[in-house]
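# Fold the following, please.
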Amino acid sequence: MKIKSPFHKVLKTLFQVSLLILGTIALTIFLKVFCFASYKVPSGSMEPTLINGDRIMVNKMIPGPRIFKDWQFFKSGNWEMKRLSGIRHLKRNEILVFNLPSCNKNWNIIELNFNCNIVKRCIGIPGDTFYIEKGMYKVKGCPDILGVYNNQFELSRCYDLTLDSAFKCFPYDSIHHWTLRNFGPFYIPKSNDTLDMGVNNIELYRKLIVYETKKSIEIKCGKVLLDGKPITKYVFKLNYFFMAGDNVLNSYDSRYWGLLPEDHIIGKVAFIWKSKDEDKGKYRWERFFKSV
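This next block holds a predicted model:
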């Protein structure tokens with residue numbers, strides 16, 4: 001009969017504990033990359049739905065998790081990735097976490113910055129024609145209330161018409177004079193959409209086309225030139241979304257920087273799992289595990 005030494009038992013226990021720890025770490029990484037992630041709400045742009053200090057759980061499986069195509073970004077800084085299949089399409093009024101497309105506040109270009117995450121409500125989905133009429137968010141042919149009605153109603157009711165010029169919005173050109181109160185109509189492209197392109201609408205889609213093609217756009221003699229060649233139509237590669245904060249007078253959103261590319265989306269907010277008032281240092285227990 002073979003007798004095992006105490007040292008052998010200690011090694012076996014250490015091995016089992018190590019496997020348990022490694023397995024836990026691997027499972028945590030897997031869940032965070034492919035399933036869920038937690039984020040802290042840093043501002044009041046989504047009030048009253050989300051408030052500063054809320055910790056939100058984000059479901060990545062609905063739009064589909066993103067994975068890197070390769071690891072060359074360590075050398076090149078090029079964040080190329082692929083999105084796996086999601087559970088379903090994203091819907092209007094869902095709250096999403098995404099990478100801000102103009103993180104460096106250069107509103108003329110779209111950049112994918114993985115370190116700049118914000119949360120907003122999806123107001124317009126691919127294929128929608130979105131507009132704001134007297135402060136109220138609307139989509140052509142959609143009777144649903146979009147966003148927080150009361151906040152928009154207050155904007156509509158109290159808005160000083162003389163301030164329209166002070167609240168200019170995207171695309172900031174000489175053709176479209178859109179404001180917080182009156183915006184659009186703005187067609188939101190979906191993948192494989194073919195749209196006519198001309199001097200009257202190119203500023204609405206310039207950033208999207210440059211982002212997809214990595215080529216420059218200029219206007220010469222009344223024609224739109226893509227990489228020096230005239231175009232009259234463009235086929236979009238990606239789906240796009242219109243995002244807005246519930247706090248309509250204090251939200252840096254699509255009204256200012258334009259449409260959100262689908263590849264910037266991280267996931268849908270599932271619920272608030274924790275909330276803390278940072279100024280008072282007290283937990284808001286009534287907000288724990290609150291659905292949104």
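# Find me the pLDDT at residue 160, would you?
Note for residue 160: predicted pLDDT of 57.
# Quick check: bridge partners of residue 120?
In this structure, residue 120 bridges to residue 96 when assessed by DSSP bridges.
# Break down the stretch 151-292 of the chain into its strands, ranges please.
Along the stretch 151-292 of the chain, counting by DSSP state E, counting those that start in this stretch, strands occupy 183-187, 194-196, 217-220, 223-226, 229-231, 233-235, 240-244, 260-261, 265-277, 282-283, 290-291.
# So for the third one, mean pLDDT?
I take that to be strand 217-220. Here the average pLDDT along strand 217-220 is 92.
# Please tabulate the strands of the stretch 151-292 of the chain in TSV, including the columns mean neighbour count and distance to residue 52.
In this view, the C-beta of every residue, glycine as well, is placed from N, C-alpha and C. Shown next, in TSV, are the strands of the stretch 151-292 of the chain (neighbours: other CB atoms under 10 Å; distance: least, CB to CB, whole Å):
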stretch	mean neighbour count	distance to residue 52
strand 183-187	20	27
strand 194-196	12	39
strand 217-220	13	39
strand 223-226	18	43
strand 229-231	12	45
strand 233-235	14	40
strand 240-244	25	18
strand 260-261	24	22
strand 265-277	20	8
strand 282-283	12	13
strand 290-291	12	15
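# so residue 288 touches residue 272, yeah?
Yes - at 7.3 Å, residue 288 counts as touching residue 272 under the criterion of CB atoms under 8 Å.
# Let's have the strands of the stretch 151-292 of the chain in CSV, adding distance to residue 207.
Conversion of the strands of the stretch 151-292 of the chain to CSV gives the following (distance: least, CB to CB, whole Å):
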stretch, distance to residue 207
strand 183-187, 13
strand 194-196, 14
strand 217-220, 9
strand 223-226, 13
strand 229-231, 16
strand 233-235, 13
strand 240-244, 10
strand 260-261, 9
strand 265-277, 17
strand 282-283, 41
strand 290-291, 34
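# between those, which gets nearest to residue 252?
Residue 252 lies closest, by CB to CB, to one member of those: strand 240-244, at 10.2 Å.
# Which secondary structure elements does the closest one sit against?
Under the contact definition 3 or more CB pairs under 8 Å, 6 or more residues apart in numbering; DSSP states H and E, strand 240-244 sits against strand 95-99, strand 117-124, helix 254-257, strand 260-261.
# Name the strands paired with that strand and say parallel or antiparallel.
Assessed with DSSP bridges, strand 240-244 is paired to strand 117-124 (antiparallel), strand 260-261 (antiparallel).
# which other residues reach the first one?
Counting contacts by CB atoms under 8 Å, 6 or more residues apart in numbering, the residues outside strand 117-124 that touch it are 39, 41, 45-46, 49-50, 56, 90-100, 130, 137, 139, 146-147, 186, 188, 241-246, 251-254, 266, 269.
# same thing but at 7 Å, please
The contact list for strand 117-124, computed with CB atoms under 7 Å, 6 or more residues apart in numbering, reads 39, 41, 46, 50, 56, 90, 92-100, 130, 137, 139, 146-147, 188, 241-246, 253, 266, 269.
# rewinding a little: including distance to residue 10 and mean pLDDT, could the strands paired with strand 240-244 go into TSV?
Shown next, in TSV, are the strands paired with strand 240-244 (distance: least, CB to CB, whole Å; pLDDT from 0 to 100):
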stretch	distance to residue 10	mean pLDDT
strand 117-124	45	95
strand 260-261	55	96
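# Let's have these in CSV, adding distance to residue 26.
As requested, the strands paired with strand 240-244 are exported to CSV (distance: least, CB to CB, whole Å):
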stretch, distance to residue 26
strand 117-124, 24
strand 260-261, 31
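# Of all these, which one is nearest residue 227?
strand 260-261 (19.9 Å).
# what's the longest helix in the chain?
helix 6-34 (DSSP state H).
# Could I get the average pLDDT for that helix?
73.
# Give me the buried stretch members for it, please.
Residues of helix 6-34 classed as buried: none (neighbour count, 16 or more other CB atoms under 10 Å).
# chain center to stretch 118-129: distance?
9 Å (CA atoms, centre = their mean, to the nearest Å).
# Residue 278 contacts residue 53, doesn't it?
Yes - here residue 278 lies in contact with residue 53, judged by CB atoms under 7 Å, at a distance of 5.2 Å.
# the more surrounded of the two?
residue 53 (20 against 10; other CB atoms under 10 Å).
# what's the spacing between the more buried one and residue 275?
Taking CB to CB, to the nearest Å as the measure, residue 53 falls 6 Å from residue 275.
# Apart from its neighbours in sequence, what residue is nearest residue 241?
Closest residue to residue 241 apart from its sequence neighbours, by CB to CB, 6 or more residues apart in numbering: residue 260 at 4.6 Å.
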